[in-house]
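Q: just the structure for this:
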Amino acid sequence: MKKNIYKRRDILIGASAITAVGVLAACKDEVSGGTPSKPEKSTNISKNIIQWRMATTWPKNFPGVGTTAENVAKDITKASGGRLEIKVYGSGEIVPAYEVFDAVRQGTVEIGHGWSGYWISKHPGLAYFGGIPGGLSPSEQSSWILQGGGQKLWEDILDPYEIQPFQAGIVQTEMFGWYKKALNSIEDIKGLKIRMAGLPNEILNRMGATAVNIPGGEVMSSFQSGVVDAVEWGGPWMDLAFGFPKIAKLCYGPGIHSPGSMNEILINKKLYKDLPNDLKEIIKIAANNANTQSYGEYIYRNAISYQIIVNKHNVEFKILPMDIMKEFLKMAKEVVLDNAEKDPVAMTVHTHYQEFLKKAIDITKYQEMGYLNAREMANKV
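A: Residues are numbered from 1 along each chain as shown. Model (predicted):
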């Protein structure tokens, strides 16, 4: 993933941002596992120190998404020299997971960390900023936001809600999910209760399954108790942390439902506007830096966790049957379009996104996809 280079609006912002990059590079990846104190209303304890609370949609310090939120908060705090302190709270510590959006909008908390696909009931156009089924890969998703105009479209959607968004972490292409029984054809999907979230839920429903939208903190207990028959969450690293290999011995990929899942920070816009320009720039740099750092960590830890899951837990990883993939992706096009047609702004985002997706598909066969196919063939010789 390419390093982000930002145009500086003036010398002050440029100097502060350069300083922030230097501090971010020096920050160590330390994640506190301590029990948080009782949440208190943030205050300016002096004219130079601002305290913010970050509510997240994830369990506290959960590997991957939870630790990414912690790292963003630490980077902002360190890069600002302590002038902007951010304390992270897991889902349920201040508000439930699916109330983070409203908590930021209403000023209950100053900043949130989550996934844009959770908020499509607020605006259908938000689906694209978390990544859509059959859509952009992780690197392509980040490129669309940073270089392709996605950031401006995102801000336009959230402006009426008085929320400032930034990308803040991206997941390596996910697994389709964990199953207790084998999937041999589309018929095996029908009737299953499957945990997914966002637009993929509607796809599963149209395929004859029953999609169940469960927040992260409840996924494991729901799978263990039989509330759902199958679950998806992330990849080997996060799935191992949840304990899925203890319950199911079949994991299917690829994650066609979520190829480029991107996390976000959402900031109360009034508070964001009141910040000095250098602190605004530090937030933006720390958030975008999280994409590079998290993506690299996912690739590394997924590779290690995969070996543990296979060798220690005797899990079988399998490729989804072709008829399931074809039907899912066919249905995905219909669901994505139906969602976009709910709102003219969403349709504008849809058109913009699809135009970039087409360009990405045209070239990637000669680049990443072409190389990965060649490498696979070479390893079979």
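Q: quick one: the helices in the stretch 201-350 of the chain?
A: Secondary structure of the stretch 201-350 of the chain (DSSP state H, counting those that start in this stretch): helices at 216-225, 236-242, 269-274, 277-313, 322-340, 344-364.
Q: what are the buried residues along the last one?
A: By 16 or more other C-beta atoms under 10 Å, the buried positions in helix 344-364 come out as 345-347, 349-350, 352-354, 356-357, 360, 364. (Glycine included, C-beta is placed from N, CA and C.)
Q: that one packs against which elements?
A: helix 138-146, helix 150-158, helix 322-340 (3 or more C-beta pairs under 8 Å, 6 or more residues apart in numbering; DSSP states H and E).
Q: can you state the direction angle for the last one and helix 344-364?
A: Per axes from the mean of the first three to the mean of the last three C-alpha atoms, to 10 degrees, the angle that helix 322-340 makes with helix 344-364 is 140 degrees.
Q: nearest to Trp115, of the helices of the stretch 201-350 of the chain?
A: helix 216-225 (9.7 Å; C-beta to C-beta).
Q: which sections of this protein are below the confidence cut-off?
A: Applying pLDDT under 70 to the chain picks out residues 1-47.
Q: does Val310 touch Lys318 like I think?
A: No - Val310 lies out of contact with Lys318 (C-beta atoms under 8 Å); the separation is 11.7 Å.
Q: from Gln224, how far out is Lys246?
A: Applying C-beta to C-beta, to the nearest Å, the value for Lys246 to Gln224 is 8 Å.
Q: repeat that for Pro254.
A: As for Pro254, its distance to Gln224 is 25 Å (criterion: C-beta to C-beta).
Q: next: Gln151.
A: For Gln151, the distance to Gln224 - C-beta to C-beta - is 40 Å.
Q: ditto for Lys270
A: In terms of C-beta to C-beta, Lys270 sits 43 Å off from Gln224.
Q: again with Gly131
A: Counting by C-beta to C-beta, the separation of Gly131 from Gln224 is 28 Å.
Q: number of nearby residues for Ile157?
A: 24 (other C-beta atoms under 10 Å).
Q: the stretch 101-250 of the chain: strands as residue ranges?
A: 111-115, 163-170, 177-179, 193-195, 210-212, 230-231, 250-253 (DSSP state E, counting those that start in this stretch).
Q: most tightly packed of those?
A: For these, the largest average neighbour count (mean count of other C-beta atoms under 10 Å) is found in strand 111-115, namely a mean of 28.
Q: relative to helix 277-313, how tilted is that one?
A: Using the same axes, to 10 degrees, strand 111-115 lies at 40 degrees relative to helix 277-313.
Q: okay, now the sheet partners of strand 111-115, with direction.
A: strand 50-56 (parallel), strand 262-268 (antiparallel) (DSSP bridges).
Q: got the CA positions of it in PDB?
A: Taking C-alpha atoms only, strand 111-115 is exported to PDB below (Å, rounded to 0.1, in the frame of the first residue of the first chain):
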ATOM      1  CA  ILE A 111     -14.900  10.200  18.300                       C
ATOM      2  CA  GLY A 112     -15.900   6.600  17.300                       C
ATOM      3  CA  HIS A 113     -14.200   3.700  15.600                       C
ATOM      4  CA  GLY A 114     -16.200   1.200  13.600                       C
ATOM      5  CA  TRP A 115     -17.300   0.000  10.200                       C
END
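Q: contacts for it next, please.
A: 52-58, 65, 68-69, 72, 86, 88, 97, 100-101, 103-104, 130, 168-169, 197-198, 261-268 (C-beta atoms under 8 Å, 6 or more residues apart in numbering).
Q: try 7 Å this time
A: 52, 54-57, 69, 72, 86, 100-101, 103-104, 130, 168, 261, 263-267 (C-beta atoms under 7 Å, 6 or more residues apart in numbering).
Q: closest to Lys122 out of the strands of the stretch 101-250 of the chain?
A: So among the strands of the stretch 101-250 of the chain, strand 163-170 is nearest, using C-beta to C-beta, at 9.7 Å.
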